[in-house]
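*Asks:* Need a 3D model of the sequence below.
(2 chains)
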Amino acid sequence: MIRVKTLHIENFRGIREINLDLAGNNYGICGPNGTGKSGVVDAIEFCLTGDVTRLSGQGTAGLSVKNHAPHVDQRTHPEKANVIITGDIPSLGKPFTIHRSVKNPKKVEIKPTDAALKDIVANLETHPEFTLSRREIVKYIITPPGQRSVDVQTLLRLDHIERTRKTFTTFSNKCRIEAEEAERNRINAGLDLKTALKIDKLDRALVLEKVNEKRQILGLPVLTELTKGASFKIGVAASQDSDKKTTLRKVVAQADLSALQTALQDGEPPTLDDNSHAAKTVLEKLRDDEQSLTLARRYGFIKMGLDLVTEDACPLCDTPWKANDLREHLSQKILSAEEIEKLLGQLRININTVLEALTNRIQAIVRVIQYSKSLEPPVPHTEIDTYIKGLRDAETALKDFLEDHSQVGPAITAVTESWWFPSAPQQARINECQTAVNNLPDTSTVDDARDILSVAQDRYERLLQATREKKERKAQSTIAQKVLDHYNATATGVLESVFDKVAKDFSTYYRAINHDDEEKFVGTLTSEPAKLSFDVDFYGRGLFPPGAYHSEGHQDAMGLCLYLALMKHTLGDKFTFAVLDDVLMSVDTGHRREVCRLLKKEFPNTQFILTTHDRVWLQYMKTENLISGSQSFGGWTVDSGPRVWDDHDIWSEIQNELDKDDVAKAAWLLRRYLEYTSFILADNLRARIEFRGDGHYDLGDLMPHVLKRWRKLLEDGEKSAIKWKLEEEKATLSEMLVTAKELIAKTNTEQWAINPSVHFNEWANLQAHEFQEVVDAFKILLEHLRCENPACMSYLYVSPRKGKPEELRCNCSTTAINLKT
Amino acid sequence: MSKEKYQIVIPPTVLQVMEEFFAVMRADPDIPDNAISRLETLLFKGTALKPDDIKTALFEPPTEGEI
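*Replies:* The predicted structure is shown next:
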């Protein structure tokens, strides 16, 4: 991963042109909603990935990077929308420059041209999770377990494991299907041999007995054993055999046709009927479940529907339902994964039994057609062709279902429609064929014996081949299943261990933020097939989903903690960069410092870019030394983009306006800046501000109370120094107090309420030289409220944040005024 | 198998799964060692896995000189 030093954005989203100097350090961006913060985040994401999630993710139909990433006034000039990032790669120790233009988002210019740099950018392109917005936090916290599994696996870059698992599953299923088919072929080959030899069971001794019976008729020596290479025809003159190289040998054809007619007359075997019915029942159940899943889009939707059934109506379409009936109806539509697995296992057995019978029948009918063609004159077989087409369609439908369980409809037809009995015209053709075969000239016993041996030999060899095939396929299927089982067990074990570690880190981080009231907090991640459950402790009352009882603020904190734990595990020491876009908007103020400390302590080598609309939050980041640089946006216009608000520039900006004699503009700037600053100071000093429900405080609401509080704190510090007999401190504080009173008096703040002519509302009406005095007074006053150390310069703040004030201090501890008396 | 060669493209957890998986496979006397080696080569390539590739690796090694 990378560290960003500078960022240049031009004509991108709401930004005209901006340059940020991050210096490779943590950086804060603050501004009210709609001032361009997210434009910066989008620009970073775009430069590093070529994409903008906000324009291409879920719910962004009609939006595109090409059309909507350029500034609105440059929408037809994407070449003018550019982002350039400079930085370095800590692991490589190399500086880089990355430039991307909206004109060609997929093309990135990386300097220097280095394969390792290219790899890192390519990696960022496929995994843009270094940016985290609040919307994305939600997906880790409150999404259904199935979706969370996908999201977390993507973040952990574990999708490769899932893809491999799926491929092994497909492969194993394929091997099992091939083994089942090989078994059916072996059974049918055996049946054919039995038919040719007119035996009831496939027994070596019986086969040998029948073969030797025919050989004796031919005056040939008997075979002593039935080996794999046994030749039933050994001794039969080749010329005699070759003369009979025909598909029609009367005695064998009679046997085949007789076996078929017997099967037809006996009717459908009960086992076939039972299996067909059982298969049909399960297939229909699956079809109904699939329909319900399709309607509901996903399982979670139905489950949510179940939770939402509170009245006697469908929660979605308001169709009247009795609540209990609707619950029952929805419950029936959900087949659990275990139930489906069990059903499919039984279904495979049922379907294989049906397929076995179908394959046997197809073979028998193929012979009828061969015999019909071989007869002289040939027997018409159009009707039989139709019959066999139906049989083959049924066979294909069932095989297709075994390979792809979504092919339910044709499979139901295959097990529902009766194929055992041919239609009357089809049966008539079979009869006609049989009659024609029977009417063939009688053959001698010797000829019959020779014919039977010849056909039996072919069928025996086919049986041997089918048996070998079956054994091979069975062995392959066993190995494929083992490979799958080993992979599943290994992956599950490793993932459980990963999720345990992630959950442990998550719990540690969350406890660090909420140590005051949830120091025993734990969270668990439980991996199950295709889902990842996430449960968290709720004040020792048990484990629940995060959204069950915890507040939104706590959920935000959980989202951040889970994200950090996942990133730590995924990238380890390569987790060097992250953009957190307003992710902690609802975390309460009492826990924000802890968030800053967490990021600093646990991720000292990660560069965070944090955006917030909350000035106080930004101030916390500064006072906790989380960020060393920041940029505030004080407004936005479509023409100029974000109004950059900089601590260091504001005074020179005000002075510029005064030099141009634009007092109104200068007054506006000063007022806005003082509002921004007094908001922070009010929080730092724990000033007593009159509460406003709408949260809108103007300068008059804040500044007088801030300054009053400042004086009071200095007085308290002086009293404390007196109590502890610290003469030097007392003298310093007395001096500070005098200075404070003088500086505050110069700003006329205390006069605002009683003298309208000095009120800030009137600043715009002052002469330039008059307003210059106001500006100077506030500038010096604000310096007075800061730490004197030039390396710190932080505004002082009261510690602790709650309870009795104990200390007035700065970030660097140069200033630490004891308030305890 | 040189793991270093593939560390850039194969995330550590995936690598861990693969290493443990092949250790379990090697401990299984029913699975031939040469088949395991071929499957290992296939998986460490890091490319999209296909059922036919697995079949070739496990059961149908190309014979010498086969086109």
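*Asks:* Chain neighbours aside, what residue packs nearest to the residue positioned nearest the centre of chain A?
*Replies:* Closest residue to the average C-alpha location of chain A: A:Asp151 at 2.3 Å, with C-alpha atoms, centre = their mean. Residue nearest to A:Asp151 in three dimensions, not counting chain neighbours: A:Lys139, with 5.2 Å by C-beta to C-beta, 6 or more residues apart in numbering or on different chains. To be clear about C-beta, it is placed using only N, CA and C from the backbone, and glycine gets the same treatment.
*Asks:* residue ranges of the helices in chain B, please?
*Replies:* B:3-6, B:12-27, B:33-44, B:51-58 (DSSP state H).
*Asks:* you'd agree A:Leu598 is up against A:Arg511?
*Replies:* No: counting by C-beta atoms under 8 Å, A:Leu598 stays clear of A:Arg511, with 9.9 Å between them.
*Asks:* Wondering if the longest helix seen in chain A reaches chain B at all.
*Replies:* The residue-count maximum for a helix in chain A (DSSP H) belongs to helix A:445-513. Yes: residues of helix A:445-513 contacting chain B under C-beta under 8 Å from any C-beta of the partner chain: A:476, A:478-480, A:482-483, A:486-487, A:489-491, A:493-495, A:498.
*Asks:* wait, doesn't A:Tyr487 sit right on A:Arg165?
*Replies:* Yes: under the criterion of C-beta under 8 Å, A:Tyr487 makes contact with A:Arg165 at 6.2 Å.
*Asks:* of those two, who's got more company?
*Replies:* Counted by other C-beta atoms under 10 Å in any protein chain shown, A:Tyr487 and A:Arg165 do not tie: A:Tyr487 has more neighbours, with 25 against 17.
*Asks:* contacting residues around that one?
*Replies:* Residues near A:Tyr487 by C-beta atoms under 8 Å, 6 or more residues apart in numbering or on different chains: A:164-165, A:168, B:17, B:21.
*Asks:* Flag the least confident of these.
*Replies:* Lowest pLDDT within the contacts of A:Tyr487 is found at A:Arg165 (87).
*Asks:* quick one: the residue nearest to the spatial centre of chain B from A:Asn123, how far?
*Replies:* Chain B has B:Glu40 as the residue nearest its centroid, 1.7 Å off, counting by C-alpha atoms, centre = their mean. B:Glu40 sits 24 Å away from A:Asn123, going by C-beta to C-beta, to the nearest Å.
*Asks:* which residues does A:Arg597 contact?
*Replies:* Counting by C-beta under 8 Å, 6+ apart, A:Arg597 touches A:512, A:624, A:626.
*Asks:* what about the closest residue to the first one other than its chain neighbours, helix or strand, and which?
*Replies:* It stands for A:Ala512. Closest residue to A:Ala512 apart from its sequence neighbours, by C-beta to C-beta, 6+ apart: A:Leu598 at 4.9 Å. Assigned by DSSP states H and E, A:Leu598 belongs to helix A:592-602.
*Asks:* Kindly export that helix (C-alpha atoms) in PDB.
*Replies:* Taking C-alpha atoms only, helix A:592-602 is exported to PDB below (Å, rounded to 0.1, in the frame of the first residue of the first chain):
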ATOM      1  CA  ARG A 592     -14.400  10.500  19.900                       C
ATOM      2  CA  ARG A 593     -11.100  11.000  21.700                       C
ATOM      3  CA  GLU A 594     -10.900   7.300  22.200                       C
ATOM      4  CA  VAL A 595     -11.400   6.700  18.500                       C
ATOM      5  CA  CYS A 596      -8.500   9.100  17.800                       C
ATOM      6  CA  ARG A 597      -6.300   7.300  20.400                       C
ATOM      7  CA  LEU A 598      -7.300   3.900  18.900                       C
ATOM      8  CA  LEU A 599      -6.200   4.900  15.400                       C
ATOM      9  CA  LYS A 600      -3.000   6.400  16.700                       C
ATOM     10  CA  LYS A 601      -2.100   3.500  19.000                       C
ATOM     11  CA  GLU A 602      -3.100   0.500  17.000                       C
END
